[in-house]
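Novice: Please find the sequence and the predicted model below.
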Amino acid sequence: MANQWIAAIDLGGTTSKIAFISQGGEIIHKWEIPTDNSNEGANITANIAASIDVKLKEIGATKEDLLGIGMGAPGPVDYETGVILNAVNLGWKDHFPLKQSLEAASLLPAAVENDANCAALGEMWMGAGKGARDLVCVTLGTGVGGGVIVDSRIVQGVNGAAGEIGHSTAVPFGGAPCNCGKTGCLETIASATGIVRLALEEIKKGDLQGELTSMYANQQKITAKDVFDLAKTGDPIGQKVLNEVSFHLGLILANLANTLNPEKIVLGGGVSKAGSILLDSVNDYFAKFAFPAVKNSTKLALATLGNDAGVIGAAWLIKNNLPSTI
C-alpha cells in the first residue's frame, strides 16, 4: 500500500492539471487536458478518468497502483458529501455530486475540496508552510482566493465557503464592484485585475507621469506585472498602486491573523511573483495593524510550489483521509 500513488486533479474552467503523486508528496508524473464544459459538464469526470487510464497504460502501471483520487474544484464544496455547490465556469448545475461522479468514472475512492483550499494544503504539506499546522494561504491571481488551515485541517465552514478572503470588505464605502455582487472586496484591489484597474485610474487622472503612462499610451494596455516591475524602478504610479494594494492586503491579513494567530501566512498566485517588493511592503502594513503578540509570532512568506500547489494539496486529501490504507 505504501508504494501506491495518488491521482490528483486541479480542475480549472479551461484546463485540468492531473498528476500521480507519491505518498511522500513527490510528483511522479503530471500532465494537462482541456476541460470540456459543454453539455452541462457531462464529460468532465469521464475525460479525467479516461486520461488517467491512458497514462497508466503508457507508463506500464495499473489502477491497482493508485490509492485514490483527490480533486480541487473551483467553487464551494461540501466536503462530507463531495457535492460542489456551484461552479459557474464548468457547466454543472448547482449541487453537482462531484465525488460520486468522479468515483463512478474512475472506480477509485475520491475526495473533493475547493481548489484554493487544495493550494493551501499543498503549501502546508510540501511548500512554504511545510511543518506548520496552522496557516493561511492567499492566492493572488485573476481573483483572490484563500484557505485557512487549523491543526493541519482546512476550515470549511457550514457550507464550504470558509476562507473566501478575497471577499473580505477592504473598502467599506465607495469601493469598486466585485463579481460576487458586493463592492469593495479585497479581490477588487489585490487581484491582477484590481491592480490594473487601480493603475489605469491613476493614468487617466493625469496627475502623475512616468513609464507606466508612456507604456499605456503606446500599447493601450498594461499588466499587473508591468505595474510592479516599474514600481521597482521608481515609477510614481507603480509605487502608488503598490502602496495601496499593500495597505489593504496588510490590513486584511492582520485582521485574519489577530483572529487566528497562524504560524504562517503564505502568499501565492501570479501576483505574488512580484517577490520581495510586494512581500516587504505588505509586511510593513501587517506589522502596523497586527496585535503585538501576533506580529511577533505570525510570519508572512511567498508560496514556493507555483502551479503544483493544487495537485499536491488534492493528493493530501487522500493521504490524510484514508489512513487505514496507508
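Specialist: The structure has been received and is ready for your questions. Note that the coordinates shown come from a computational prediction; the quantities given were computed from them, not determined experimentally.

Novice: Okay, helices next: where are they in the protein?
Specialist: 44-58, 98-106, 115-126, 187-190, 192-205, 211-219, 224-232, 236-260, 276-289, 292-295, 309-321 (DSSP state H).

Novice: winner for burial among those?
Specialist: Of all the helices of the chain, helix 115-126 carries the top mean neighbour count, a mean of 29, counting by mean count of other C-beta atoms under 10 Å. No exception for glycine: its C-beta is placed from N, CA and C like everyone else's.

Novice: shouldn't Lys199 be in contact with Pro236?
Specialist: Actually, residue 199 is Ala rather than Lys. No. Counting by C-beta atoms under 8 Å, Ala199 stays clear of Pro236, with 11.1 Å between them.

Novice: what about the strands in the stretch 1-150 of the chain?
Specialist: Using DSSP state E, counting those that start in this stretch, the strands assigned to the stretch 1-150 of the chain run over residues 5-11, 15-21, 27-34, 66-73, 77-78, 83-84, 96-97, 110-114, 135-140, 144-150.

Novice: and the third one, which strands flank it?
Specialist: So the one you mean is strand 27-34. Taking DSSP bridges as the criterion, strand 27-34 sits next to strand 15-21 (antiparallel) in its sheet.

Novice: got the CA positions of the partner strand in PDB?
Specialist: Presented in PDB, the C-alpha positions along strand 15-21 are these (Å, rounded to 0.1, in the frame of the first residue of the first chain):
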ATOM      1  CA  THR A  15      -7.600  23.200 -18.300                       C
ATOM      2  CA  SER A  16      -7.400  20.400 -15.800                       C
ATOM      3  CA  LYS A  17      -4.000  19.500 -14.300                       C
ATOM      4  CA  ILE A  18      -3.500  15.900 -13.400                       C
ATOM      5  CA  ALA A  19      -0.700  14.200 -11.600                       C
ATOM      6  CA  PHE A  20       0.400  11.000 -10.000                       C
ATOM      7  CA  ILE A  21       1.900  11.800  -6.600                       C
END
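
Novice: Without its sequence neighbours, what residue ends up closest to Trp125?
Specialist: Trp316 (5.0 Å; C-beta to C-beta, 6 or more residues apart in numbering).
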